[in-house]
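> Please find the sequence and the predicted model below.
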Amino acid sequence: MTRSRGHMELTLAKSVIDQLKEMDFKGSLITSLMGEPLLHPNFNEIVKYSIDSGIKTNVITNFLLVQKKISIKELL
């Protein structure tokens, strides 16, 4: 698979979440399919926006990048 490297723009992420909300989406938004979600510069904002929109959100990470003890609440 070839695709350009980079992060999804914040406006696109919010647009996807808005569309899921409009569709009355009952599934779960999974934040990682190709890469480490904690590296996204707007990770906290995207997850918070999703949760605030009523979309169930799952985060898949290996936590190898976490250098200190943090709680999930700190991520949100």
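On my side now, so go ahead.

> Now do the end-to-end distance for stretch 31-42.
12 Å (Cα to Cα, to the nearest Å).

> Residue 29 against residue 56, yeah?
Yes - counting by Cβ atoms under 8 Å, residue 56 is a contact partner of residue 29 at 6.9 Å. In this view, the C-beta of every residue, glycine as well, is placed from N, C-alpha and C.

> Looking at the two, which is more packed in?
More neighbours surround residue 29 than the other of residue 29 and residue 56, with 19 against 12 (other Cβ atoms under 10 Å).

> before we move on, what SS does that one have?
strand (DSSP: H, G, I helix; E, B strand; the rest coil).

> per-residue confidence for the closest residue in space to residue 37 that isn't next to it in sequence?
Of all residues beyond its chain neighbours, the one nearest residue 37 is residue 31 (4.3 Å), with distances taken as Cβ to Cβ, 6 or more residues apart in numbering. Per-residue confidence for residue 31 comes out at a pLDDT of 74.

> Return the distance of residue 51 relative to residue 28.
Applying Cβ to Cβ, to the nearest Å, the value for residue 51 to residue 28 is 12 Å.

> buried ones in the top helix by length along the chain?
Across the chain, the helix with the greatest residue count (assigned by DSSP state H) is helix 10-22. Buried residues in helix 10-22, counting neighbours by 16 or more other Cβ atoms under 10 Å, are found at 13-14, 17, 20.
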